[in-house]
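[1] sequence-free structure coming up:
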């Protein structure tokens with residue numbers, strides 16, 4: 001199953017580095033790998049990972065397809081499992097091509113792609129930003145199933161060049177059918193599938209509201225989840241899909257129900273996540289550095305913590321900024337460090353020992369808001385940031401904890 005699309009916003013200050021960020025006096029650093037399993041390569045500069053769950057699925061495909069080969073090509077003997085393993089790898093290579101289609105389209109529209117991950121039910125391209133228009137959203141979603149259809153046609157054409165009933169013929173037939181199934185499944189009109197993103201784009205175009213498209217596609221996706229949960233076991237039990245009715249036993253029925261439950265759970269969860277992320281984006285403009293910033297008082301590095309806190313209380317401030325003799329900021333006193341100092345020791349502890357030295361990335365313009373603010377915090381992970389005016393004047397201190405609380409409130413607000 002393909003879940004290509006947004007992976008959601010990372011938590012502010014949770015990790016990662018900005019591709020353009022450079023350590024002081026050094027060369028630009030390579031962005032930290034997002035992780036997600038075994039790194040297989042970086043096509044188009046995007047890391048491709050194989051999740052541990054893939055190996056479970058590969059083993060399952062090898063076992064099931066090997067059993068089918070035993071009926072079609074009994075002369076293979078134990079070698080059928082090597083052929084089946086090759087099929088499993090080739091099938092996931094096809095899934096990778098599907099995901100690369102999404103990735104190439106995203107990069108063409110200058111949308112950052114965090115990673116591609118091959119996992120239990122297919123793959124996912126983690127695209128970190130939304131497209132700007134419904135037309136681009138439609139194209140970005142459609143190219144994946146389109147490539148799967150093209151691959152199905154390529155394998156069908158290759159089948160005409162080999163003898164039926166041979167190992168190449170059976171492999172090509174299996175790959176053709178599996179790619180057609182991938183394309184058809186992903187074209188179902190519900191999030192988080194590609195067809196759901198296409199439906200979202202259509203509703204977005206008609207209403208002019210991306211949120212309306214997300215709501216419609218997400219609820220259709222939830223409807224699909226219920227349909228899969230109930231319908232798939234019924235179809236297989238009646239013989240409409242798979243074996244004839246008289247050949248179906250208790251184990252097969254349980255396996256069908258388990259598969260349906262897993263698929264339905266993935267679709268339902270994906271649809272809900274899409275709704276939550278859309279709601280968050282709708283309220284992102286409310287996340288403003290100026291409104292989230294705590295008032296701060298400047299103190300020199302040798303100032304005892306007790307005296308610094310006294311000044312802050314008198315000024316009604318909730319943060320401390322360490323400055324030099326000319327009043328230039330040098331560091332931000334960490335809230336967690338203050339809490340960790342017992343009250344009786346505070347007159348003997350200088351604020352310089354509790355401060356985090358300022359780097360350029362920790363200076364945040366007061367006017368930053370929305371995604372620009374989150375991207376800035378993500379580029380330089382820290383617990384506190386110095387917020388400055390355009391003139392360079394200190395405005396206050398922005399705490400990551402405050403931004404995260406604002407995130408939670410934004411997520412809790414009802415969508416419109």
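    Thanks, I have it. Just so it is clear, the model here is predicted, and its values are computed rather than measured. Numbers count the residues shown, from 1 in each chain.

[2] Look up which helix or strand the residue nearest to residue 327 when sequence neighbours are not counted falls in, please.
    Of all residues not flanking residue 327 in the chain, residue 298 sits nearest, at 6.4 Å (CB to CB, 6 or more residues apart in numbering). To be clear about C-beta, it is placed using only N, CA and C from the backbone, and glycine gets the same treatment. In this assignment (DSSP states H and E), residue 298 forms part of strand 296-300.

[3] just to revisit the earlier point, what separation do you get for the residue nearest to residue 327 and residue 351?
    Applying CB to CB, to the nearest Å, the value for residue 298 to residue 351 is 10 Å.

[4] list residues touching both of those two?
    residue 322 (CB atoms under 8 Å, 6 or more residues apart in numbering).

[5] what about the two, which has more around it?
    Counted by other CB atoms under 10 Å, residue 298 and residue 351 do not tie: residue 351 has more neighbours, with 24 against 18.

[6] So the residue nearest to residue 327 sits against residue 329, correct?
    Yes: contact status for residue 298 versus residue 329: in contact at 7.3 Å, counting by CB atoms under 8 Å.

[7] anything in contact with each of those two?
    321, 322, 323, 394.

[8] got a markdown table for those residues, with distance to residue 227 too?
    Converted to a markdown table, these look like this (distance: CB to CB, whole Å):
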| residue | distance to residue 227 |
| --- | --- |
| 321 | 57 |
| 322 | 60 |
| 323 | 63 |
| 394 | 58 |
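
[9] Tell me which two of these sit farthest apart.
    Farthest-apart pair in the shared contacts of residue 298 and residue 329 is 322 and 394; separation 11.1 Å (CB to CB).

[10] Can you check which residues contact both of the two?
    In contact with both residue 322 and residue 394: 298, 329, using CB under 8 Å, 6+ apart.

[11] Give me the more crowded residue out of these two.
    Neighbours were counted for residue 322 and for residue 394 using other CB under 10 Å; residue 322 has more, 24 against 19.

[12] In three-state terms, label the more buried one for me.
    At residue 322, secondary structure determined by DSSP: H, G, I helix; E, B strand; the rest coil is strand.

[13] For it, give the beta-bridge partners.
    Judged by DSSP bridges, the bridge partners of residue 322 are residue 299, residue 331.

[14] Contact partners for it?
    298, 299, 300, 301, 329, 330, 331, 332, 333, 351, 352, 355.

[15] quick one: the strands in the stretch 201-350 of the chain?
    Applying DSSP state E, counting those that start in this stretch to the stretch 201-350 of the chain gives strands spanning 296-300, 319-323, 329-333.

[16] again but with the stretch 51-200 of the chain, I slipped
    Here the stretch 51-200 of the chain has its strands, by DSSP E, counting those that start in this stretch, at 113-119, 122-127.

[17] Please name the strands paired to the longest one in the sheet, noting orientation.
    With DSSP bridges as the criterion, the sheet partners recorded for strand 113-119 are strand 48-50 (parallel), strand 122-127 (antiparallel).

[18] Next, format these as TSV and append distance to residue 406.
    What follows is the strands paired with strand 113-119, written out as TSV (distance: least, CB to CB, whole Å):
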stretch	distance to residue 406
strand 48-50	31
strand 122-127	24
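
[19] between these, which one is nearest to residue 221?
    Of all the strands paired with strand 113-119, it is strand 122-127 that lies closest to residue 221, at 15.2 Å by CB to CB.

[20] Averaged pLDDT, that closest one. What do you get?
    In this model, strand 122-127 has an average pLDDT of 89.

[21] Quote the end-to-end distance of stretch 41-58.
    Length of stretch 41-58, first residue to last, CA to CA, to the nearest Å: 19 Å.

[22] Need the residues that contact stretch 139-151.
    Stretch 139-151 is contacted by residues 2, 4-5, 94, 97-102, 104-106, 109, 111, 127, 131, 175, 179-180, 182-183, 186-187, 194-195, 197-198, 201 when judged by CB under 8 Å, 6+ apart.

[23] Next one, pLDDT for the closest residue to residue 301 other than its chain neighbours please.
    Closest residue to residue 301 apart from its sequence neighbours, by CB to CB, 6+ apart: residue 352 at 3.6 Å. pLDDT, residue 352: 92.

[24] I'd say residue 352 and residue 305 touch.
    No: Residue 352 lies out of contact with residue 305 (CB under 8 Å); the separation is 10.0 Å.

[25] ok, the two, which is more surrounded?
    residue 305 (24 against 17).

[26] Residue 334 versus that one, what's the distance?
    Residue 305 is 12 Å from residue 334, by CB to CB.

[27] Now that we have the contacts of residue 322, which of them are buried?
    Among the contacts of residue 322, those scoring as buried are 298, 299, 329, 330, 331, 332, 333, 351, 352, 355 (criterion: 16 or more other CB atoms under 10 Å).

[28] For the last one, which residues are in contact?
    Neighbour list for residue 355: 301, 320, 322, 330, 331, 332, 333, 334, 337 [criterion: CB under 8 Å, 6+ apart].

[29] quick one: pLDDT of the nearest residue in space to the fourth one that is not next to it in sequence?
    Looking back up the chat, that one is residue 330. Spatial nearest neighbour of residue 330, chain neighbours left out: residue 322 (5.0 Å); criterion: CB to CB, 6+ apart. Note on residue 322: pLDDT of 95.

[30] could you measure residue 322 against residue 177, distance?
    In terms of CB to CB, residue 322 sits 67 Å off from residue 177.

[31] where does the stretch 201-350 of the chain dip in pLDDT?
    For the stretch 201-350 of the chain, the stretches with pLDDT under 70 are 236-253.

[32] need the helices for it, in chain order.
    Taking DSSP state H, counting those that start in this stretch as the test, the helices found in the stretch 201-350 of the chain are 210-238, 250-283, 289-292, 305-315, 335-339.

[33] circling back to that earlier point, can you tell me which of the contacts of stretch 139-151 are buried?
    2, 4-5, 94, 97-102, 104-106, 109, 111, 127, 131, 175, 179-180, 182-183, 186-187, 194-195, 197-198, 201.

[34] hang on, isn't residue 51 packed against residue 120?
    Yes: Residue 51 is in contact with residue 120 according to CB under 8 Å; the separation is 7.2 Å.

[35] hmm, back to that, which helices and strands does the strand holding residue 298 pack with?
    Under the contact criterion of 3 or more CB pairs under 8 Å, 6 or more residues apart in numbering; DSSP states H and E, strand 296-300 touches helix 305-315, strand 319-323, strand 394-399.
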